[in-house]
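Peer 1: have a look at this fold, sequence not included:
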Ligand SMILES: Nc1ncnc2c1ncn2[C@@H]1O[C@H](COP(=O)(O)OP(=O)(O)OP(=O)(O)O)[C@@H](O)[C@H]1O
Ligand SMILES: [Mg+2]
């Protein structure tokens, strides 16, 4: 796996310059978080990396196969949990039995074995998001792009989801870009946090967290310090409207 590098990237929408001369590196096998207020350009940058938005400048190291996890789990409503996972795996692995094994393990990894034959409408939002995560990890991608995947979930549900996510990630060590405006999940999951601010957006601060992510707590000294610094920085930002 290669690092993903954006060099001198610019993107405008009808005269609105979201990024200009923007540089960013996603280290291979690490979790990097882009943290910033609404409208700063997080999704735009994620879409540039995923090839969903055109841009000027250089974007290198992006693998062919990418998994996405969005705020909305985007499950296919007419397929079971198993079926949704099989849908992304079918084109990649021809052997049905092999697919079955991989899918059963992934569903077990997110604690949903009893719901393998359930349809999306029978799942809670947190459960559906767990399926979306399992799907992102069964697909043989090297990069996972996540756009606000934990938004709108209560603290307990989110805490469990973070655990499930880390357990899946630990087994695969895929490169991850997490885009969010929530400081807590950024601090709990990331190897590196990039704070985005301004227009055009630029990286205002960079934080590295080296502690074991499985044991990490917001009350840990280093995590609390990073949380506090980022919170204070955001609190001092004046909203545009
Ligand atoms: N397709 C588009 N056409 C025109 N303007 C756009 C388009 N997509 C985004 N923008 C503008 O670009 C800016 C950055 O948007 P973007 O969606 O990247 O922000 P964001 O940081 O992801 O915000 P949020 O946290 O609300 O999701 C915004 O001002 C937005 O209005
Ligand atoms: Mg967005």
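Peer 2: Ah, there it is. The shown structure was predicted, so the numbers you read here are calculated from the model rather than taken from an experiment. Ligands and ions are numbered 1, 2, ... in the order given.

Peer 1: what helix or strand is the closest residue to residue 42 other than its chain neighbours located in?
Peer 2: Nearest non-adjacent residue to residue 42, counting by C-beta to C-beta, 6 or more residues apart in numbering: residue 179, 4.3 Å away. Any C-beta I mention is one placed from the backbone N, CA and C, and that applies to glycine too. According to DSSP states H and E, residue 179 maps onto strand 175-180.

Peer 1: let me see the mean pLDDT of that strand.
Peer 2: For strand 175-180, the mean pLDDT works out to 98.

Peer 1: note down every partner strand of it and its orientation.
Peer 2: Strand 175-180 pairs in its sheet with strand 31-35 (parallel), strand 143-147 (parallel), by DSSP bridges.

Peer 1: by contact count, what packs against whatever helix or strand comes next after that strand?
Peer 2: Note on strand 175-180: by DSSP H and E, the next helix or strand toward the C-terminus is helix 183-189. Secondary-structure packing of helix 183-189 (3 or more C-beta pairs under 8 Å, 6 or more residues apart in numbering; DSSP states H and E): strand 31-35, helix 155-172, strand 175-180, helix 221-235.

Peer 1: how about residues contacting helix 183-189?
Peer 2: 31, 33, 35, 150, 158, 162, 165-166, 178, 180, 193, 209, 213, 216, 218, 223, 226-227, 230-231, 234 (C-beta atoms under 8 Å, 6 or more residues apart in numbering).

Peer 1: just the buried ones out of these, please.
Peer 2: 31, 33, 35, 150, 158, 162, 165-166, 178, 180, 193, 209, 213, 216, 223, 226-227, 230 (16 or more other C-beta atoms under 10 Å).

Peer 1: show me how this protein divides into domains.
Peer 2: 1-63+142-241, 73-140 (automatic domain parsing).
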